[in-house]
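# generate a structure from the sequence data that follows.
(2 chains)
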Amino acid sequence: MADTGIFALAAVHADWLAARQTALAGNIANANVPGYKATDTVSFAQYLDAASRSASPTMTASLAPAMDPFVDTNRNVAVERELFRAAEVRTAHGLNTAVASSFQSLFLAAARSQ
Amino acid sequence: MSDYLTGSLRIASSGLQAESIRMRVVSENLANAQSTAETPGGDPYQRKLVSFETVAERLSGSVSVEVARIGRDSTDFRVEHNPGHPAADADGNVLMPNVNPIIEMADMREANHAYRANLEVFTQARELITMTIDLMRSRR
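A predicted model of the protein is given here:
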């Protein structure tokens, strides 16, 4: 069976989404701290790039964090914006796990038919 | 499980805790809005104020929140003329606490909103963790 790397990709994406969730958790928790500036994450393209560069040849995604995904911004926290992003993370993570589990069933079906 | 999601839970709970302390201080202020001094001419209850502070979260590399300190509001006390009051000074004036119930209500509202937002984040982080764990469920 050819290695499509789909699980490694899903793992990196889940990791990035979790980092995004953490960033917005920090923003919402600190929404009432005077002078606090919102934290954001790097784009998924950047994160994936760093993850595939740090990986060993046999493994697309390494277990160690690929890079520090957090970046500082210069804007104040808008709770509405953060909650909107939380909804995005929720949707993307649902899609991610759905894709991973349907690929898993695919692999299992292929293994069973042999 | 990544440290990010559990870190997210920790951060959200730090926010919940900080906002609940703020809520407690608001209720302290409101409860003592009429607490005068025990001795004639003494100082009444002084309004309390919560200050928050950003703290680095070690495991996830993000930031949580903490109550830095509970300070005292240094604005002037209200003066009421009430000669019969036990705390009245020689001129019959009583110092009343510098608590404005409307400001306290606004503060309570804000704490309420922030608490809800943190709770929302907590619930969602849990949901993401559950979704990830569900991947390990056996299927046929």
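# so B:R47 makes contact with B:M96?
No. Counting by C-beta atoms under 8 Å, B:R47 stays clear of B:M96, with 11.1 Å between them. The C-beta positions use only the backbone N, C-alpha and C, and glycine is treated the same way.
# tell me the residues of chain B that contact chain A?
Residues of chain B found near chain A (C-beta under 8 Å from any C-beta of the partner chain) are B:2, B:4-5, B:7-9, B:11-12, B:14-15, B:18-19, B:22, B:52-54, B:57, B:60-65, B:110, B:113-114, B:117-118, B:120-121, B:124-125, B:127-128, B:131-132, B:134-135, B:139-140.
# and those, which of them are buried?
For these, a neighbour count by 16 or more other C-beta atoms under 10 Å in any protein chain shown gives the buried set as B:2, B:4-5, B:7-9, B:11-12, B:14-15, B:18-19, B:22, B:52, B:54, B:57, B:60-65, B:114, B:117-118, B:120-121, B:124-125, B:128, B:131-132, B:135.
# in helices, which of the residues you listed appear?
Members of those lying in helices (criterion: DSSP state H): B:4-5, B:7-9, B:11-12, B:14-15, B:18-19, B:22, B:114, B:117-118, B:120-121, B:124-125, B:128, B:131-132.
# OK, contacts around A:T97?
A:10, A:14, B:131-132, B:134-135 (C-beta atoms under 8 Å, 6 or more residues apart in numbering or on different chains).
# what segments of chain A are strands?
Under the criterion DSSP state E, chain A contains strands at A:39-41, A:70-72.
# looking at those, which one is packed in the most?
strand A:39-41 (a mean of 20; mean count of other C-beta atoms under 10 Å in any protein chain shown).
# show me where chain B has its strands.
With DSSP E as the criterion, chain B has strands spanning B:48-56, B:63-72, B:78-81, B:93-96.
# any idea which of the ones you listed is most buried?
Highest mean neighbour count among these (mean count of other C-beta under 10 Å): strand B:93-96, with a mean of 20.
# kindly report the residues of chain A close to chain B.
A:14-15, A:17-19, A:21-26, A:28-34, A:36, A:39, A:68, A:70, A:79, A:82-83, A:86, A:89-90, A:93-94, A:97, A:100-101, A:104-105, A:108.
# now, of these, which are buried?
A:14-15, A:17-19, A:21-26, A:28-33, A:36, A:39, A:70, A:79, A:82-83, A:86, A:89-90, A:93, A:97, A:100-101, A:104.
# which of these fall within helices?
Checking those against DSSP H, those in helices are A:14-15, A:17-19, A:21-26, A:28-29, A:79, A:82-83, A:86, A:89-90, A:93, A:97, A:100-101, A:104.
# give the residue spans of chain A that score low on pLDDT.
Residue ranges of chain A with pLDDT under 70: A:1-4, A:55-66.
# do chain B as well
B:1-2, B:138-140.
# so for it, the centremost residue is which one?
In chain B, the centroid-proximal residue (C-alpha atoms, centre = their mean) is B:R22; its distance is 0.6 Å.
# please name the nearest non-neighbouring residue to B:L9.
Of all residues not flanking B:L9 in the chain, B:A125 sits nearest, at 5.0 Å (C-beta to C-beta, 6 or more residues apart in numbering or on different chains).
# cool, and A:A92?
Using C-beta to C-beta, 6+ apart, the closest residue to A:A92 is A:L17 (5.7 Å).
# go ahead and confirm the one you found touches A:H93.
Yes. Using C-beta under 8 Å, A:L17 makes contact with A:H93 at a distance of 5.0 Å.
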